[in-house]
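J.: give me a 3D structure for the following:
(one chain, ligands or ions: 1)
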Amino acid sequence: VGRSSLPDGALFLGLDSSTQSVKATVLNNELIIVASETVNFDSELPHYKTEGGVYRDPSDDGRIFSPTIMWVEALELLLEKLKPKIDFSKVVAVSGSGQQHGSVYWKKGSQAVLSSLDPSKSLMSQLKDAFSTMDSPIWMDSSTTKQCREIENAVGGALELSKLTGSRAYERFTGPQIRKIYQAEPQIYENTERISLVSSFMASILVGCYASIDETDGAGMNLMDINKKTWSKTVLEATAPVLEEKLGNLAPAYATAGLISPYFVERHQFDKNCLVIQWSGDNPNSLAGLTLNTPGDLAISLGTSDTVFGITAEAKPSLEGHVFPNPVEPDGYMVMLCYKNGSLTREDVRNQCAEKSWDVFNNYLEKTTPLNGGKLGFYYKDHEILPPLPVGFHRYIVENFNDASADNLTEREVQEFDAPSEVRAIIEGQMLSMRGHAERFGMPNPPKRIIATGGASSNDSILKSIAQIFGCPVFTVERPDSASLGAALRAAHGWLCNKEGGFVPISCMYMGNLENTSLGAKLAVPAPRDGEDREFLKKYTLLMKKRMEI
Ligand SMILES: O=C(CO)[C@@H](O)[C@H](O)CF
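T.: Coordinates of the predicted model:
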């Protein structure tokens, strides 16, 4: 099966409903990007008054959520902005990416509303009363520690839960979030007929009925058996009663969720035969968009969250990191680490130390030297996931660098660094954490190559640090938003699987010559050369070992 099997003139639409925006990427049958569009929640939907697309609840420590209806309004605005750029009737398949772990609570009776939407009215006006709570908890929430411990204890401990579901319990995972709602707001739980992830929520709107949760994003809930890819009855019972009927069935990420609903045919002129392919999480879509298919590759996504992920043939869950089914390889798995303090925390340091300017930030990065004279910083604007540490800025000066062993390094906490050192400290601190945790999680060490994506992957100064710290070449792709690109690629893949009547390897679509598509990764920073760069790498290794002890 070659790329020619994607029909001439066909378009594939990928949508990404993320923390700060919704985005669209459109591929043609040659897998070239022909259009893209974005709606930023804060600036284009200011009436919601979100900050970074979210609300932080001052009365409930760590509670972070978003208004569900804002995502609906943003989807409509995105389609209106995209309409002049492409002919929607040529879209043969659409798929999507949703921020992982976030959840939507459909009120009883909403299936009927969803299946009879009036094309003369807006989605927002018809769905504004469809939810049993207007607040969707999202991945940044850290208010469910109590529920995490209860679920872990009920199944025999953190490692047991990880072996069963692919991860120990995490505050942001949907299972603990559901348990908190069941305990704290039982009337909401009782009045909920379907719980969707952000991914399956958006798919449901497009197909006009409740779409399944896909097996990859479903693994981000602490509810799915990672080996059987079915709901784990043990964990469901430990989470909340009658939960399975509220979740519906799971489906593979490459499966067809359904035909696009008549609402979109009549209101937006989609073709009535347009397929909606299962949506999945943002990081799984990025994995697809980066065409990660070599075990030695490592991806680093520098977005609102920072994530490190790769592929593996077998699931080896542990007490850190996550294992998900691979969204484009049914027998494979995806391994991932996630950091909450990503772009918003880098922006914080930029605003405090670099005159709110990326030019000044990058200038400081360029004029300070690798290893930062031993000045090491860890900046937690929000409660960090990895390691699980509270809000705070921690600065150390590490000495005895000339000694060859990490255990001879001594560190002492200091109050503050000068501005240029602060800038280098946050970048080196984030990247050293990623390298240290990646090695501890059994990811490639060193990676054959790193493919960087996400907003900050357009920053060459940051990419240079990544190459120096990981000791390998760094590649980037044509566009930094690999999640919506991956969703468009998965739309094409799902269309092909549907046509062939079963799973078809995604690589069939590009037949190995990625360079002629928008998906090919290009070298941005070569691996450290010998001499000084290698010296830095050795000392970064010492610093990283020290970092992992702190
Ligand atoms: O929590 C995460 C992954 O586990 C984040 O990367 C979210 O998916 C960001 F939307």
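J.: what's the closest non-adjacent residue to the residue of the stretch 151-300 of the chain found nearest the ligand?
T.: When you check the stretch 151-300 of the chain against the ligand by C-beta to the nearest ligand atom, the closest residue turns out to be residue 282, at 4.8 Å. Glycine gets a C-beta too; all of them are placed from N, C-alpha and C. If the residues on either side of it in the chain are set aside, residue 282 comes closest to residue 483, at 4.3 Å by C-beta to C-beta, 6 or more residues apart in numbering.
J.: okay, and the one you found sits in which element?
T.: helix 482-500 (DSSP states H and E).
J.: do that helix and the ligand meet at all?
T.: No. On the criterion C-beta under 6 Å from any ligand atom, helix 482-500 is out of touch with the ligand, staying 8.5 Å away.
J.: tell me the buried residues in that helix?
T.: Residues of helix 482-500 classed as buried under the neighbour-count rule (16 or more other C-beta atoms under 10 Å) are 482-498.
J.: near the ligand, which residues of the stretch 151-300 of the chain show up?
T.: 172, 220, 281, 282, 283.
J.: can you pick the most crowded of these?
T.: With neighbours defined as other C-beta atoms under 10 Å, the most crowded of these is residue 282; it has 33 neighbours.
J.: the biggest helix by length in the chain - contacts with which helices or strands?
T.: Ranked by residue count under DSSP state H, the longest helix found in the chain is helix 419-440. Here helix 419-440 is seen to pack against strand 306-312, strand 333-339, helix 343-353, helix 358-367, strand 375-380, helix 460-470, helix 532-549 when contacts are counted using 3 or more C-beta pairs under 8 Å, 6 or more residues apart in numbering; DSSP states H and E.
J.: still on that earlier bit, beyond the helix holding residue 483, next helix or strand please.
T.: Sequence order places strand 522-525 as the next helix or strand after helix 482-500, per DSSP H and E.
J.: how many other residues sit next to residue 89?
T.: Residues contacting residue 89 under the criterion other C-beta under 10 Å number 14.
J.: oh, that last question was meant for residue 475, not what I typed.
T.: Residues contacting residue 475 under the criterion other C-beta under 10 Å number 21.
J.: quick one: low-confidence ranges for the stretch 1-150 of the chain?
T.: Flagging of the stretch 1-150 of the chain using pLDDT under 70 yields the residue ranges 1-4.
J.: do the same with the chain
T.: The model of the chain has pLDDT under 70 over residues 1-4, 402-404.
J.: try it again with 50
T.: When residues are selected by pLDDT under 50, none of them lie in the chain.
J.: same list, the helices and strands packed on helix 419-440, but as CSV with distance to residue 176 please.
T.: Formatted as CSV, the entries for those read as follows, by distance: least, C-beta to C-beta, whole Å:
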stretch, distance to residue 176
strand 306-312, 20
strand 333-339, 15
helix 343-353, 23
helix 358-367, 36
strand 375-380, 20
helix 460-470, 32
helix 532-549, 26
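J.: can you give the distance of the helix or strand in which residue 396 is found from its chain's centre?
T.: For residue 396, the host element (DSSP H and E) is strand 392-399. Taking the mean of its C-alpha atoms, strand 392-399 sits 29 Å from the chain's own mean (C-alpha atoms, centre = their mean, to the nearest Å).
J.: in that strand, which residues are buried?
T.: 393, 395, 396, 397, 398.
J.: run the angle between that strand and strand 375-380 for me.
T.: Between strand 392-399 and strand 375-380, the angle comes out at 160 degrees (axes from the mean of the first three to the mean of the last three C-alpha atoms, to 10 degrees).
J.: the helix or strand just after strand 392-399 pairs with which strands, and in what direction?
T.: The element immediately downstream of strand 392-399 (helix or strand, assigned by DSSP H and E) is strand 410-413. As defined by DSSP bridges, the strand partners of strand 410-413 come to strand 392-399 (antiparallel).
J.: which residues sit against the partner strand?
T.: 373-380, 409-417, 425, 543, 546, 550 (C-beta atoms under 8 Å, 6 or more residues apart in numbering).
J.: would you mind writing the CA trace of it as CSV?
T.: Included here for strand 392-399 are C-alpha records, laid out as CSV according to Å, rounded to 0.1, in the frame of the first residue of the first chain:
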residue,chain,number,x,y,z
GLY,A,392,9.2,27.1,44.9
PHE,A,393,12.4,28.2,43.4
HIS,A,394,15.5,26.2,44.4
ARG,A,395,19.0,27.5,43.6
TYR,A,396,22.3,25.7,44.3
ILE,A,397,26.0,26.3,43.6
VAL,A,398,27.8,23.0,42.9
GLU,A,399,31.5,23.0,43.5
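J.: count of residues packed around residue 212?
T.: In terms of burial, residue 212 registers 21 neighbours under the definition other C-beta under 10 Å.
J.: mind listing what the residue lying closest to it once chain neighbours are set aside touches?
T.: On the basis of C-beta to C-beta, 6+ apart, the spatially nearest residue to residue 212 that is not a chain neighbour turns out to be residue 251, at 3.8 Å. Remark: with contacts taken as C-beta under 8 Å, 6+ apart, residue 251 is in contact with 212, 213, 214, 215, 257, 278.
J.: residue 431 now?
T.: Listed by C-beta under 8 Å, 6+ apart, the contact set of residue 431 reads 465, 466, 469, 470.
J.: can you do 10 Å?
T.: For residue 431, the contacting residues are 300, 302, 306, 308, 462, 465-470, 540, 544, taking C-beta atoms under 10 Å, 6 or more residues apart in numbering as the criterion.
J.: tell me which residue of the stretch 401-550 of the chain lies closest to the ligand.
T.: Taking C-beta to the nearest ligand atom, the stretch 401-550 of the chain has residue 483 as its residue nearest the ligand, at 8.5 Å.
J.: tell me the contacts of that residue?
T.: 14-18, 23, 25, 96-99, 280-289, 301, 303, 453-454.
J.: out of these, which are inside helices?
T.: Among those, the residues falling in helices (DSSP H) are 282, 283, 284, 285, 286, 287, 288, 289.
J.: would you list the phi and psi of the residue in the stretch 351-500 of the chain positioned nearest to the ligand?
T.: Ranked by C-beta to the nearest ligand atom, the top residue of the stretch 351-500 of the chain for proximity to the ligand is residue 385, at 7.3 Å. Note on residue 385: backbone dihedrals following degrees, to the nearest 10 are phi -90, psi -40.
J.: that one and residue 336 touch, don't they?
T.: No. Between residue 385 and residue 336 there is no contact under C-beta atoms under 10 Å: 11.3 Å.
J.: which one's more surrounded, these two?
T.: Between residue 385 and residue 336, residue 336 has the larger neighbour count (other C-beta under 10 Å), namely 27 against 22.
J.: residue 219 touches residue 315, doesn't it?
T.: Yes. The pair residue 219 / residue 315 is scored as a contact, 9.5 Å apart, by C-beta under 10 Å.
J.: more neighbours, those two?
T.: Taking residue 219 and residue 315 together and counting by other C-beta under 10 Å, residue 219 has the greater number of neighbours (31 against 17).
J.: residues of stretch 258-278 that come out buried?
T.: For stretch 258-278, the neighbour count (16+ other C-beta under 10 Å) marks 258-261, 263-265, 267-268, 270-271, 274-278 as buried.
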